[in-house]
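Please find the sequence and the predicted model below.
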Amino acid sequence: MTAAPTLVWFRQDLRLTDNPALAAAVEDGAPIVPVYVLDDETPGRWAPGGAARWWLHQSLAALAGGLDRAGARLVLRRGRGEEVIPALAEEIGAARVVWNRCYEPWAIDRDTRLKAALKERGLRADSFNASLLFEPWAVLTRSGDPYKVYTPFWKACRDRADIDAPKPAPQRLPAPEAWPAGDALDDWELRPKTPDWANGLRETWRPGEAGAHDRLGAFLDARLGRYKDDRNRPDLDATSGLSPHLHWGEIGPRQVWSATGHRIDSGDLAGRENQAETFLKELVWREFSYHLLYHFPHLPDSPLNERFSEFPWAENRQRLRAWQTGRTGYPIVDAGMRQLWHIGWMHNRLRMIVASFLVKDLLQPWQAGEAWFWDTLVDADLANNSASWQWVAGCGAGAAPYFRVFNPVLQGRKFDPDGDYVRRWVPELRGLSADHIHEPWAAPAATLKDAGVRLGDTYPEPMIDHKAARREALSAFEQVKAA
DNA sequence: TTTTGAGTTGTTCGA
DNA sequence: GTCGAACAACTCAAA
């Protein structure tokens, strides 16, 4: 007589290494049934967007392969998690259900109810932490409040040394006597078909646990030592590119933290430890976003600073559309938006530039940008996305003062000094030199002609005048201040 | 409780 | 061209 199986519910932890729920199940010795549930109902408007679904398909295929090599099958089911999990548990006669925690408000509500319901039925139900260095409720100020400013949050995290070492992957998973039926991954149609816009994604990314570890290794070898200096340069390949892997939990922050720490300790970086610390700080920014989302669950919808509820946005579909499609007439902005559309990812410096442009130059509500990013980013993450949009809009935690309006020409010159990034994503400007590429409207007519650029024809005229737009943004801000 | 120092990411203006 | 100040006050976190 075999022991009753344990159901391991995979969610945003699509990996076998450092997976505490899986490890706990293995420790029990009971047969293991791994399941992924495609649940488009529970999250409401925050169900994965188009690019994220593409990623999810690849990542599930990779996870299924890894499980297969360990002697297990990934069961795919579709529906509301809260219904599917108890039903499947009953179907297989499970005695225990385990999962790693998610922190979206709807996920917390669902998991809380589900855990109680499972226990009510006499099952063991346990949840674990796979996604964060620290639980959002475990880092608090001395007065017991959540942090609202990044720097003290970072110091509090840095000074704690209680980050668990990553757990190895189980070699072999005990199989049940029979496998329950499941959906075929292809039938979920997570990948785009008509049209198939995923070519740039396929060329850029390798979703799955192995791809995540390769990317981390390549980053640590080649780029960590210059991270602080180069990370703001979108024309260089200077960042880790781990965000989508982290979002889906193909690699966990403990693994990244620990691998980075080993590089620091090994002396490889002698004299450049601060380059690596800057990278760890970025990892802690992710923690800070989750901290904010947990303590302020309305973060994705409404401004943290309530005065901004009164902000006089000038909603305009044409303006939003020009921004979305990379046809604003500001080369650095258009390059960023086209990179996003093409590969499902945008360099963080560009995220700030294009967000500032949408919110401050075009006076479109930050939620409109948040929604576009949600649909187009392979790393779309509720906590990071909403916290970052609020930060740029000036209504978030420790937000930039509203009068900090990015100048797209200066940002372009400073962070894409040779214009290579613009040339890559806005090929119609390829013929312009670094002197003119960030400001084509100011170039002499002969220069434009030589470069084959006809403004308003081959490339748009600037859709607004930045100087005037900045003044309007500042006067709109005056209204919020008065409120 | 009160006080104090500080706060990711910038731009413009005038000397 | 370079440099420092101004841009606003306000809230946060710790002492």
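Here it is on my side, so go on. In this text the structure is predicted, and so the values were computed from the model without any measurement.

Which residue ranges make up the domains of chain A?
For chain A, automatic domain parsing gives the domain ranges A:6-131, A:132-162+A:201-295, A:306-482.

is DNA strand C contacted by the last one?
Right, the one you point to is domain A:306-482. Yes. Domain A:306-482 is in contact with DNA strand C by CB under 7 Å from any atom of the strand, via A:401-403, A:474. C-beta coordinates here come from the backbone N, C-alpha and C atoms, glycine included.

circling back: looking at the domains of chain A, which is closest to A:Pro168?
Ranking these by distance to A:Pro168, with CB to CB as the measure, places domain A:6-131 first at 6.2 Å.

hmm, which two among the residues of domain A:306-482 next to DNA strand C are most spread apart?
Farthest pair in the residues of domain A:306-482 next to DNA strand C, by CB to CB: A:Pro401 and A:Leu474, 10.8 Å.

near DNA strand B, which residues of the stretch 301-450 of chain A?
Residues of the stretch 301-450 of chain A lying close to DNA strand B (CB under 7 Å from any atom of the strand) are A:348-349, A:352, A:388, A:391, A:398, A:400, A:403-407, A:410-411, A:414.

From those residues, list just the buried residues.
Burial by neighbour count, 16 or more other CB atoms under 10 Å: within those this picks out A:348-349, A:352, A:388, A:391, A:405-407, A:411.

farthest-separated two in the residues you listed?
A:Ser388 and A:Asn407 (19.9 Å).

any idea how far A:Arg73 is from DNA strand C?
Using CB to the nearest atom of the strand, to the nearest Å, A:Arg73 is found at 46 Å from DNA strand C.

Let's verify the closest residue in space to that residue that isn't next to it in sequence: helix, strand, or coil?
In space, and not counting its chain neighbours, A:Arg73 is closest to A:Trp179: 5.1 Å by CB to CB, 6 or more residues apart in numbering. Classification of A:Trp179 by DSSP: H, G, I helix; E, B strand; the rest coil places it in coil.

So for stretch A:313-326, mean pLDDT?
The average pLDDT for stretch A:313-326 rounds to 96.

In which helix or strand does the closest residue to A:Glu273 other than its chain neighbours reside?
The shortest distance from A:Glu273 to any non-neighbouring residue, by CB to CB, 6+ apart, is to A:Ile264 (5.5 Å). Per DSSP states H and E, A:Ile264 falls inside helix A:253-265.

For chain A, give the residue positioned nearest to DNA strand B.
Closest contact between chain A and DNA strand B, by CB to the nearest atom of the strand, is at A:Thr151 (2.9 Å).

separation between that residue and A:Ser356?
22 Å (CB to CB, to the nearest Å).

between those two, which one's more packed in?
A:Ser356 (23 against 10; other CB atoms under 10 Å).

Let me see the ranges of the helices in the stretch 1-150 of chain A.
Under the criterion DSSP state H, counting those that start in this stretch, the stretch 1-150 of chain A carries helices at the ranges A:20-28, A:50-69, A:81-92, A:105-120, A:150-158.

Redo the ones you listed as JSON lines? Include mean pLDDT.
What follows is the helices of the stretch 1-150 of chain A, written out as JSON lines (pLDDT from 0 to 100):
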{"stretch": "helix A:20-28", "mean pLDDT": "97"}
{"stretch": "helix A:50-69", "mean pLDDT": "98"}
{"stretch": "helix A:81-92", "mean pLDDT": "98"}
{"stretch": "helix A:105-120", "mean pLDDT": "98"}
{"stretch": "helix A:150-158", "mean pLDDT": "93"}
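
would you list those helices in JSON lines and tack on distance to A:Leu7?
JSON lines is the format used below for the helices of the stretch 1-150 of chain A (distance: least, CB to CB, whole Å):
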{"stretch": "helix A:20-28", "distance to A:Leu7": "9"}
{"stretch": "helix A:50-69", "distance to A:Leu7": "14"}
{"stretch": "helix A:81-92", "distance to A:Leu7": "5"}
{"stretch": "helix A:105-120", "distance to A:Leu7": "10"}
{"stretch": "helix A:150-158", "distance to A:Leu7": "33"}
